[in-house]
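Chemist: From the sequence below, what's the structure:
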Amino acid sequence: MQGGGWGLSPALCSAALLPLGVLLNALFALTQVEAAIDEEQYSVKVIKKNYIYGNIKHQVNIYVKVYTNSPFLVCMDLALSQKEVIDPNYLWIGPNGKTLKAYREPDYTYQISVRFTTKECRLAANGQFFEELKKILNDLISDLTCHVIEPSYKCHVIKIPKHGLLDELFVTFQVNPFAPGWEAVCQQISYDCEDVTNRRVQEARDLIEEFFRKQTYVLKHEFRNVPAIHYIDHSFEVTRIDSCRPGFGKNDDTHNDCASCCVVCDPGTYSPNNEVRCQICTSIRIKHYGAKSC
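Modeler: Numbering: from 1, shown residues only. This next block holds a predicted model:
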């Protein structure tokens, strides 16, 4: 969640932790201790998970993942939290309840490309090989309710120094976590399923990478004669593609503290599908967060 448009309200905090808030200015009347230590000096181990530290110089943006517990706002900045402080007093600038934000993790899909040598581009066996490869890969990851989507291949003639001209197949496809049956798996989970689907597709990616990595070993040790079509060692390349659920989107400028998050669309914007960014709605005025239509 992100807070904004807050009004001043003095409060006394008797504990080290308070429920969710957005921005605080810590005023230590008795100790007059200044936060001189740069927060970046602290290792990640010092910062407790799900704890948000304030900052006396600027607003602190807070993002809360849906279907998870809200974080705790610590009554001081990180530097002062590591010191002994006597009788601290706090001045809080609290939420007005109108500008709270939520986010989700993006859904992962992996774009994979590999290359194979072939005898020639006009070889009829190229298409047959491609169909068989798709079947093998889908069988490999089916238990994870993942599947191969948007598969394609092209054959190119490559000029390689000291090797002349070689015909190669350039194969590309995506590994997607939403194969038939994924909804049934998610219904068995009491919390949001995106973490599970992302973990499954990562496992599927690893299985496919291991499959191609073993091809070189198999060619060297199990074949006396190298097949006409075979995998080119080290040609495996993978890129992660993120998508956001409807009503959510990324914005590196507005949410640079949570740049990889799919944050709920602001009023005036919407996201009807799995695109990465929220779109501006010009036909009507959207007053609520998370709009899926315009």
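Chemist: Only C-alpha atoms from now on, for both contacts and neighbour counts.
Modeler: Will do.
Chemist: Please list all residues in contact with the most centrally placed residue in the chain.
Modeler: Centroid-nearest residue in the chain: residue 106, 4.5 Å away (criterion: C-alpha atoms, centre = their mean). By C-alpha atoms under 8 Å, 6 or more residues apart in numbering, residue 106 lies in contact with 194, 242, 243, 244, 245, 260, 261, 262.
Chemist: Please narrow these to those residing in strands.
Modeler: In this view, the contacts of residue 106 that belong to strands under DSSP state E are 242, 243, 262.
Chemist: Looking at these, spot the one nearest residue 173.
Modeler: residue 242 (15.3 Å; C-alpha to C-alpha).
Chemist: Neighbours of the closest one, how many?
Modeler: 18 (other C-alpha atoms under 10 Å).
Chemist: From residue 184, how far out is the closest residue to it other than its chain neighbours?
Modeler: The shortest distance from residue 242 to any non-neighbouring residue, by C-alpha to C-alpha, 6 or more residues apart in numbering, is to residue 108 (5.1 Å). Residue 108 sits 19 Å away from residue 184 when distances are taken as C-alpha to C-alpha, to the nearest Å.
Chemist: By residue count, what's the longest helix in this structure?
Modeler: Ranked by number of residues, the top helix in the chain under DSSP state H is helix 194-222.
Chemist: Now do the buried residues in that one.
Modeler: For helix 194-222, a neighbour-count test (16 or more other C-alpha atoms under 10 Å) marks 194, 197, 198, 200, 201, 202, 204, 205, 208, 212, 213 as buried.
Chemist: Next, the contact list for the second one, please.
Modeler: Translated: residue 197. Counted by C-alpha under 8 Å, 6+ apart, residue 197 has contacts 107, 177, 178.
Chemist: can you give me the helices in the stretch 51-200 of the chain?
Modeler: Along the stretch 51-200 of the chain, the segments classed as helices by DSSP state H, counting those that start in this stretch run 78-81, 125-141, 182-187, 194-222.
Chemist: Take these and lay them out in TSV including distance to residue 51 and mean pLDDT.
Modeler: Conversion of those to TSV gives the following (distance: least, C-alpha to C-alpha, whole Å; pLDDT from 0 to 100):
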stretch	distance to residue 51	mean pLDDT
helix 78-81	10	74
helix 125-141	37	96
helix 182-187	29	82
helix 194-222	21	91
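Chemist: do you know which of those helices lies nearest residue 172?
Modeler: helix 125-141 (10.5 Å).
Chemist: before we move on, the earlier item: run a quick neighbour tally on the residue nearest to residue 242.
Modeler: 22.
Chemist: Am I right that it is in contact with residue 239?
Modeler: No: assessed by C-alpha atoms under 8 Å, residue 108 is found out of contact with residue 239, at 10.1 Å.
Chemist: between the contacts of residue 106, which has the most around it?
Modeler: Going by other C-alpha under 10 Å, residue 262 tops these with 28 neighbours.
Chemist: which residues does that residue bridge with?
Modeler: Beta bridges link residue 262 to residue 104 when assigned by DSSP bridges.
Chemist: before we move on, back to that, would you turn the ones in strands among the contacts of residue 106 into TSV with distance to residue 114?
Modeler: Shown next, in TSV, are these (distance: C-alpha to C-alpha, whole Å):
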residue	distance to residue 114
242	21
243	23
262	30
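Chemist: Adding distance to residue 142 and pLDDT, write the residues you listed out as JSON lines.
Modeler: Below are the ones in strands among the contacts of residue 106 laid out as JSON lines (distance: C-alpha to C-alpha, whole Å; pLDDT from 0 to 100):
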{"residue": "242", "distance to residue 142": "21", "pLDDT": "93"}
{"residue": "243", "distance to residue 142": "22", "pLDDT": "92"}
{"residue": "262", "distance to residue 142": "27", "pLDDT": "90"}
